[in-house]
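In: Pasted the sequence and its predicted model underneath.
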Amino acid sequence: MTESFEYLKHESMRDVVRILDTAFLKGNELMPQYRAMQIANRALIAHHAIEKGLKARLEKAGLHYPKSTQKGHDLYHLYKLTKQINNGKWADDLANSYQDAVSFYEYDLELAPHIETLETYLMEVGSGDAFKEMRYWIEDNSPGDDSVASILRISLHLHREILEALSHLVASDQQRLVSERVEQTVSKELRRAFIYSPGTSSEQAVKLLLKWLQTKPNLRTALKEAVQQDYLVEEIDELGRQNLRKAFEGLNATDKQSYAPPPPSADPAVSFYIGACGDIPPSLPGQYPDVEVQVKWQNEQHTSAALFSPGGEVLGYISRHIQSRWFVEPIFNNRAAFYKSFEDAKHWMIAHNCKRVSVNTAQQVRQLHIHSQDDFFPLPISNVVTDTIENVVTDTIEMDKPQEFELNFWDEKHDLQTGQQVTITLNFDESSGAGDHLQGVISRVEHHKVWITGQKWF
């Protein structure tokens, strides 16, 4: 009976790990109360599972712990009690596992100093008061800002990794680091690249690949560098580059037969690693290096900024993320991205909003920029007939009449004037000249906005 209870305690922790791996945070990232609610729901069961894991190991060592009152939910107090096990080695192993997770997930300790060590983290978000707050705060009709802020200080990644470490340490006192777990996953995919036939080009490819891998600190770093260089590694041949690509595609579970996005890894650490491989290398220049934006910081710490075009169009927002990245979000849709530096995030925002066009007037041909998120000109804003068919309102463009188009130029230095004949081309392919063409007469000009009456064709 005792063994079956030990098994249930272990599986109870594993079950919560599986729940956290499948219960991703979704939507309303910009609404703190909603985000806090999602975190509290998940962290509550994780907190309780960590509590049960610590108590299980204390019980196994014959040590007493609080079983009731608020102190019984205090993870910091329970963790301190475990320092009596194996001359403190057991608690040190748990702390080392936590420290490895902080390093692997690249947390910015300047933004989140409470994450620095397991003790500081548990003191902040693992107390009995924290457990009570997660359990009951949503029942309050108006949770205060302080309450929301305290819950947002919880990292579900770190809660998950504490549980992962506990499941091994409680069962067998064996330590398993998240970095080692991901390294083993990467190694599994790379081993497929080491298969070769003696005396063929595949043997030479493997030898070059192995020699290059030996110059790197680990396989994770090697594969990440290859991905960020688009696999153009000078030290290996083309077959070796193809093998690296296949390894990453296997890791990413990419389905080349489907247009659907690849499914995320069940392991959040592997998913984070895959995403980190997509970080832009610091040396990569922006797509439009000559294009500038206005940056207006939203706070004194310079951790959140709004970006505007020179014409005053709001482009979106960039904020410093807790995991040593900058989160960039355009204003008009739900696309977003993470980058390692503010400059990289700014370049992404420019590329997302800016398009280069050829402007041809009787006087000259110039290359200018317009503010557009799509690879085509906007629909006309005039000569639209609205019909009602069976209570459904439809808009039909009358193509046989002149159309008016509104273009937002990146800034006011376009020098276009009312009455000018103009042809504007947005190329999809510079070599073939394929793209959208707009030809007509400028009907109005207001600063960076220009209205053109004419025809558009591909």
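Out: Done, it's in.

In: center of the protein, which residue is that?
Out: By C-alpha atoms, centre = their mean, the chain has its centre lying nearest to residue 338, at 4.9 Å.

In: Which secondary structure elements does the helix or strand encompassing that one sit against?
Out: Residue 338 belongs to strand 337-339 when assigned by DSSP states H and E. Strand 337-339 sits against strand 325-330, helix 342-353, with contacts defined as 3 or more C-beta pairs under 8 Å, 6 or more residues apart in numbering; DSSP states H and E. Quick note: C-beta positions are derived from backbone N, CA and C, even for glycine.

In: Downstream of the longest one, the next helix or strand is which one?
Out: If I follow you right, that is helix 342-353. strand 354-360.

In: so what strands line up beside that following strand?
Out: strand 365-371 (antiparallel), strand 421-429 (antiparallel) (DSSP bridges).

In: Helices along this protein, start to end?
Out: When assigned using DSSP state H, the helices of the chain occupy the ranges 2-22, 32-60, 75-81, 89-104, 118-125, 128-136, 145-152, 156-172, 178-191, 201-213, 219-228, 238-251, 268-277, 342-353.

In: For the shortest one, buried residues please.
Out: This means helix 75-81. Neighbour counts over helix 75-81 (16 or more other C-beta atoms under 10 Å) mark 75-79, 81 as buried.

In: Same check on the longest one?
Out: Residues 35-40, 42-58 are the ones in helix 32-60 that count as buried (16+ other C-beta under 10 Å).

In: so where's the stretch 51-200 of the chain uncertain?
Out: 138, 140-144 (pLDDT under 70).

In: how far away is residue 122 from residue 91?
Out: Going from residue 122 to residue 91 by C-beta to C-beta, to the nearest Å gives 11 Å.

In: Overlap of the contact sets of those two?
Out: residue 79 (C-beta atoms under 8 Å, 6 or more residues apart in numbering).

In: which residues sit against the strand holding residue 338?
Out: Outside strand 337-339, the residues that touch it by C-beta under 8 Å, 6+ apart are 275, 279-280, 321, 323, 325-328, 345, 348.

In: same thing but 7 Å
Out: Applying C-beta atoms under 7 Å, 6 or more residues apart in numbering, the external contacts of strand 337-339 come out as 279-280, 321, 325-328, 345, 348.

In: Can you tell me which of those residues is closest to residue 110?
Out: residue 321 (12.2 Å; C-beta to C-beta).

In: what's across from the closest residue to the closest one other than its chain neighbours in the sheet?
Out: Nearest residue to residue 321, sequence neighbours excluded (C-beta to C-beta, 6 or more residues apart in numbering): residue 327, at 4.6 Å. On the basis of DSSP bridges, residue 327 is bridged to residue 319, residue 338.

In: Residue 319 is in contact with residue 327, correct?
Out: Yes - with contact defined as C-beta atoms under 7 Å, residue 327 counts as touching residue 319 (5.2 Å).

In: by how many degrees do the longest strand along the chain and strand 421-429 diverge?
Out: Assignment by DSSP state E gives strand 434-446 as the longest strand of the chain. Here strand 434-446 runs at an angle of 140 degrees relative to strand 421-429 (axes from the mean of the first three to the mean of the last three C-alpha atoms, to 10 degrees).

In: Can you list the strands that strand 434-446 pairs with?
Out: Strand 434-446 pairs in its sheet with strand 421-429 (antiparallel), strand 449-457 (antiparallel), by DSSP bridges.

In: Give me the contacts around the last one.
Out: So the one you mean is strand 449-457. 377, 402-409, 414, 416, 422, 436-444.

In: same check, this time on stretch 170-189
Out: Contacts for stretch 170-189 (C-beta under 7 Å, 6+ apart): 10, 53, 56-57, 90, 93, 96-97, 100-101, 104, 161, 165, 168-169, 218-220, 223, 247, 250-251, 269-270, 273.

In: Spatially nearest residue to residue 23, not counting backbone neighbours?
Out: residue 42 (5.7 Å).

In: what separates the one you found from residue 153, distance-wise?
Out: According to C-beta to C-beta, residue 42 stands 14 Å off from residue 153.

In: One more: residue 412?
Out: As judged by C-beta to C-beta, residue 412 and residue 153 stand 45 Å apart.
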